[in-house]
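Participant: Sequence first, then the predicted structure, then my questions.
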Amino acid sequence: MRSVKITNSKHNADSAIILFISGSITLCLLPFCVIRIMQGDWPVAALNVSITTLAFALFCYVYFTYRTLIARWGLSLLSMSAMLITIHLKGAEQILWLYPALTTVFYMLSAHFAAVVGMICLVAAFIIIYPDVNSLYLLTIAATAAITFVFSYAFSLKMHKKAYFFRNESETDPLTGLGNRRALDSKLAEITKKIKTKSLTSCSLLLLDIDNFKNINDTFGHKCGDQVLEAFANVLLKGIRGKDSAYRFGGEEFVIILTDTPLEGALTLAKNLLKDIETTQWDMLENKVLTSSGGVAELDGTEASYEWISRADRALYEAKNAGRNRIVADSSNLDDCAVA
């Protein structure tokens, strides 16, 4: 039996960027903390120490939890708050800190959220400096800030749309339109975490393999084989529920994650899928009958994701040895149960 390996990179590009930014803020401000303390400038020293401490706390949070949402909001609010307090303490000449703070917010948050936060801070900054500057200077700052705001918003909007597109492309199988191995790895990690934290009561995994797929390629050609894979994926999507998700595991193998479904319920759904597959009219195969075999395993809250999928793989192996066109449940959770 082949081995199954599930990889899961913990610190992705997103968390690495957050770590770099929060770490850079911490290191860059440390000398200023010392300088302000030595100068006896206690208000600014307190501000610098606070920013440094919070930035370091966010660094540690992302480093140990691998979560970035709270850190993104934290860095955004930290940059805006620090900018406003600096202007209040040191005067209108510190308004130049508005521009890096504004671009930071648009980088960290989605365009719409950043626009709201940025607009509030812009108004607050102008209220602070209004009594201390002349009208021409205020107009200059307003114009340059508005230009920065508009371009940052447009860039953020485009950047997030591109990010969504590339993320979707990187997690989609180009032939079937189902999730690929990368998407499956992410889903498995998410599900195992939910089971361990009790936020999900049960979840089962169905591993399906098209029977005698090599014969299809040899008899009808690889183009026909691709058409079968596409049509097979459509049958799966029509047969599963809205809360379930389907993935192409590799070759002619497919994985279905059955959320909030114990083993018995997964067997029932798998049985219905096998009937759908067998009764589907496969025009590209000259209406020959197509069958599939599968293995089902319910997630044990103590195991890793690769152990879970390995149990389903063993059950699939048993189904094929038993004559194909059947489902076998993982024997460690329930006695083997073949479904014709």
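Facilitator: Arrived safely.
Participant: Give me the phi and psi angles of the closest residue to Thr201 other than its chain neighbours.
Facilitator: Closest residue to Thr201 in three dimensions, ignoring its sequence neighbours and counting by Cβ to Cβ, 6 or more residues apart in numbering: Asp260, at 6.5 Å. Where C-beta positions appear, they are placed from N, C-alpha and C, glycine not excepted. With angles defined as degrees, to the nearest 10, Asp260 sits at phi 50, psi 40.
Participant: Per-residue pLDDT of Asp260, please?
Facilitator: Model confidence at Asp260, given as pLDDT, is 93.
Participant: Touching, it and Ser202? I think so.
Facilitator: Yes. Between Asp260 and Ser202 there is a contact at 6.2 Å, judged by Cβ atoms under 8 Å.
Participant: between the two, who's got more neighbours?
Facilitator: Ser202 (16 against 13; other Cβ atoms under 10 Å).
Participant: for the residue lying closest to the more buried one once chain neighbours are set aside, what are its contacts?
Facilitator: Once flanking residues are discounted, Ser202 sits nearest to Pro262: 4.6 Å by Cβ to Cβ, 6+ apart. Applying Cβ atoms under 8 Å, 6 or more residues apart in numbering, we find Pro262 in contact with 202, 204, 298.
Participant: Bridged to the last one, which residues?
Facilitator: Each beta-bridge partner of Glu298 is listed here, defined by DSSP bridges: Ser204.
Participant: right, and it touches Leu263 too?
Facilitator: Yes. Assessed by Cβ under 8 Å, Glu298 is found in contact with Leu263 at 4.1 Å.
Participant: With neighbour numbers in mind, choose between the two.
Facilitator: Using other Cβ under 10 Å, the more surrounded residue of Glu298 and Leu263 is Glu298, with 25 against 19.
Participant: where does that one land on pLDDT?
Facilitator: Value for Glu298, per-residue pLDDT: 95.
Participant: contacting residues around it?
Facilitator: Residues counted as contacts of Glu298 (Cβ under 8 Å, 6+ apart) are 202-205, 262-263, 266, 330, 333.
Participant: May I see those residues organised as a markdown table, with distance to Ser186 added?
Facilitator: A markdown table is the format used below for the contacts of Glu298 (distance: Cβ to Cβ, whole Å):
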| residue | distance to Ser186 |
| --- | --- |
| Ser202 | 20 |
| Cys203 | 15 |
| Ser204 | 18 |
| Leu205 | 14 |
| Pro262 | 23 |
| Leu263 | 24 |
| Ala266 | 21 |
| Asp330 | 23 |
| Asn333 | 24 |
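Participant: Pick out the lowest-pLDDT one from the residues you listed.
Facilitator: Scanning these for pLDDT, the low point is Asn333. It has 50.
Participant: any idea which helix or strand carries the residue nearest the centre of the chain?
Facilitator: Centroid-nearest residue in the chain, with Cα atoms, centre = their mean: Ser186, separated by 6.9 Å. Assigned by DSSP states H and E, Ser186 belongs to helix 181-196.
Participant: Can you classify Arg248 by secondary structure?
Facilitator: strand (DSSP: H, G, I helix; E, B strand; the rest coil).
Participant: Per-residue pLDDT of the residue nearest to it when sequence neighbours are not counted, please?
Facilitator: Nearest residue to Arg248, sequence neighbours excluded (Cβ to Cβ, 6+ apart): Asp173, at 4.2 Å. Listed pLDDT for Asp173 reads 96.
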